[in-house]
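Peer 1: got a predicted model here, sequence first, then my questions.
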Amino acid sequence: MFKNKDIVCISSIDWDFIWQGHQEIMSSLARDGNRVLFIENTGARAAGIKDITRIIKRVKNWFAGVEGIREVEENLFVFSPILLPFPYLRFAQWVNRHLILSILEKWFKIMSFTNPIVWAFLPTPLTLDIIDNLNYRLVIYYCIDNFRVSSAAAKKIKNSEIKLLKKADLVFVTSKALYNYCSQYNDRIYNFPFAVNFQQFQEIRLKKYPPPAEMEKINRPVIGYVGGIHKWLDLHLIKEAATNYPQYSFVFIGPVQADVSLLANLKNIYFLGAKNHGQLPDFINNFDVCLIPYLITDYTNNVYPTKLNEYHALGKPVVSTALPEVIDFNQENDRLVFIGRNYQEFISHISNALNDSGDNLIEKRIACAKRNSWAARIREMENLVEDIIKKKSRMPIDWRTSLGRIYRNWRRKTLKIFSVCFITYLLVFYTPLVWFLAAPLKISEHPRKVDAIVVFAGGVGESGKASQGYEERVQQAVNLYRQGYAKYLFFSSGYTHVFEESLLMKALAVSLGVPEDRVILEDKARNTYENVKFTKIFLNKNGWNSIILVSSPYHMLRASLVFGKIANNIKVVYAPVANNSFYAHPSRDGEGRRILRRISLLQIKGVIHEYLGILYYWSKGWI
């Protein structure tokens, strides 16, 4: 038993999924005084519609913790990361690596979580990324599945699994077939089939509790199965067995993960759904015969069924299809399991098993389960881990490897920062992104006849420099005046730089042919709010209620919000400067050459200034 170690478990299942070796090992290590971070399944294949329930649950788990991390037991923390569900897409890998490592880095620092043992069940590219960015003590790969044939979508896992096998300090496997495969890439392979929490099952057997309420009305004998009702079950075999034994009750405990409509019309088949792991011994204890009715496939050829030891821990007879691991188990354990090599044998074995439950056989099954207990398995694993740690501690420090890893991580982080900055630069300056974000600031309407044309001057204007910006606005107002949309021009500006801006605007309008008596000045307004306030006072005094407003194109939203707040009796037509030189962003220059840069820094500052202005006005209650 080792203690006071930090362990990162990269799991191939979620913590709340069917209780398996992942949870059993990690909870045991946490109880022994080690700190465990259990990273839930990050995916061996792309997510689909059928995963929507799992995705929703993941999101709920994320919010149940802090940044997705929650403490489920003392010393045991579960991380439910939210990631892009495309484990082999390079862009998604890059994003996911950043998402998960940014959280882990902060959590490790806060928790003083150092030099962890990495215990991986999932050999994906993201697992390798996590390992490569940790200053780990050693790496264990627990190979429990042939992912390469588990589904068509998971075939891409092969390359990353080979890399993980070569990197691992220890490799644990759950079957001989997996042992043979993994031995091609690593010589530190140990066969540890999933086991049983023997003590928990023994307590139920010895106390002899009454049957669960759901089984009280089910006729005996009961032929039972626990585990996922998935695509690896031979549903045709189950149908044949239930049809041959209509007097037997066939009970299935576990989540239904496949189409079972083939069995829908059989009245002696009962699906009781998923149960908490602590409830399973109660149900198994009330089975008369236990089943392992798996199909024989490339995938199941690598499977050691955990339920075999759970069945035996309660002394129950077991009938199984001819799984290679079960055949090997039988040869090593005095043929305790009834193995059906075809439908007829399997079905006849059910009847044989019912009549083969003497005390001697029950004790042999229980003794076999005890040898295959999790307590014994984990103790063996811990001994191997301790040996590796001791060997590593006696080895001379490989400063080249350590320094190389530090610099690789530094280069990776530097490249990440540079890439983010470069992509952001391209998006901001060489795409229409900022103009798209600025579009809501613009309001432009077709002019119509009104009482007056009102111009809000710019002060220092969009450029931030004095005496720039008002010329285009005056020109726009004069053009509208010439077209007969109003008889008067009203210039509003209290800004002064050498000369009063309102006087400069009037002088420019008069020079462009507007009669002096048609130009009205307001020279007190210091901002847009006061522009509107003083305009309203003047209009009300003259009995006017409609205007055309001329200003900068990206200033119109703020002006409209102020009018809506304090002068909503005035009908405003918004006619900004159409071709504002400050905000110009042509796609081609005067000679027809394409302009790649779409925006300048000053233009960005102008847009930001407007959005900040709106926020400030909102905080003041002006809009």
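Peer 2: Ah, there it is. In this text, all values refer to a predicted model and were calculated from it rather than measured experimentally.
Peer 1: only C-alpha atoms for contact and neighbour calcs from this point on.
Peer 2: Will do.
Peer 1: centre of the chain to stretch 334-346, how far?
Peer 2: Centroid separation between stretch 334-346 and its chain, computed with C-alpha atoms, centre = their mean, to the nearest Å, is 44 Å.
Peer 1: distance of the most centrally placed residue in the chain from Gly543?
Peer 2: Among the residues of the chain, Ile82 comes closest to the average C-alpha position under C-alpha atoms, centre = their mean, at 1.6 Å. Remark: distance between Ile82 and Gly543 (C-alpha to C-alpha, to the nearest Å) = 61 Å.
Peer 1: with Tyr616 instead?
Peer 2: According to C-alpha to C-alpha, Tyr616 and Gly543 sit 32 Å apart.
Peer 1: which one of the two has more residues nearby?
Peer 2: Neighbours were counted for Tyr616 and for Gly543 using other C-alpha atoms under 10 Å; Tyr616 has more, 13 against 10.
Peer 1: per-residue confidence averaged over the one helix or strand that one maps to?
Peer 2: Element membership for Tyr616 (DSSP states H and E) is helix 601-620. On average, the pLDDT along helix 601-620 is 93.
Peer 1: about what we covered before: which SSE is the residue nearest to the centre of the chain in?
Peer 2: Ile82 belongs to no helix or strand when assigned by DSSP H and E.
Peer 1: pretty sure it sits against Lys60.
Peer 2: No: between Ile82 and Lys60 there is no contact under C-alpha atoms under 8 Å: 10.3 Å.
Peer 1: poorly predicted segments of the stretch 501-623 of the chain, please.
Peer 2: For the stretch 501-623 of the chain, not a single residue meets the criterion pLDDT under 70.
Peer 1: please enumerate the helices of it.
Peer 2: In the stretch 501-623 of the chain, the helices defined using DSSP state H, counting those that start in this stretch lie at 501-511, 528-542, 556-566, 601-620.
Peer 1: what angle separates the last one from helix 528-542?
Peer 2: Taking axes from the mean of the first three to the mean of the last three C-alpha atoms, to 10 degrees, one finds helix 601-620 and helix 528-542 inclined to each other by 70 degrees.
Peer 1: what domains does the record give for the protein?
Peer 2: 6-194, 198-372, 396-429, 438-620 (automatic domain parsing).
Peer 1: hey, what's the nearest residue to Val573 once chain neighbours are set aside bridged with?
Peer 2: Spatial nearest neighbour of Val573, excluding adjacent residues (C-alpha to C-alpha, 6 or more residues apart in numbering): Ile548 at 4.6 Å. Ile548 forms beta bridges with Ile453, Val573, as assigned by DSSP bridges.
Peer 1: can you name the helix or strand that Asn352 falls in?
Peer 2: In the assignment (DSSP H and E), Asn352 maps to helix 343-354.
Peer 1: how about low-confidence regions in the stretch 351-500 of the chain?
Peer 2: Those would be 357, 395-403, 405, 458-468, if you go by pLDDT under 70 across the stretch 351-500 of the chain.
Peer 1: ok, 90 please
Peer 2: 355-361, 390-421, 457-471, 494-500 (pLDDT under 90).
Peer 1: please, where are all the helices along it?
Peer 2: With DSSP H, counting those that start in this stretch as the criterion, the stretch 351-500 of the chain has helices spanning 359-371, 374-394, 399-429, 433-438, 470-482.
Peer 1: re earlier: relative orientation of the helix holding Tyr616 and helix 556-566 in degrees?
Peer 2: Angle, helix 601-620 to helix 556-566, by the same axes, to 10 degrees: 10 degrees.
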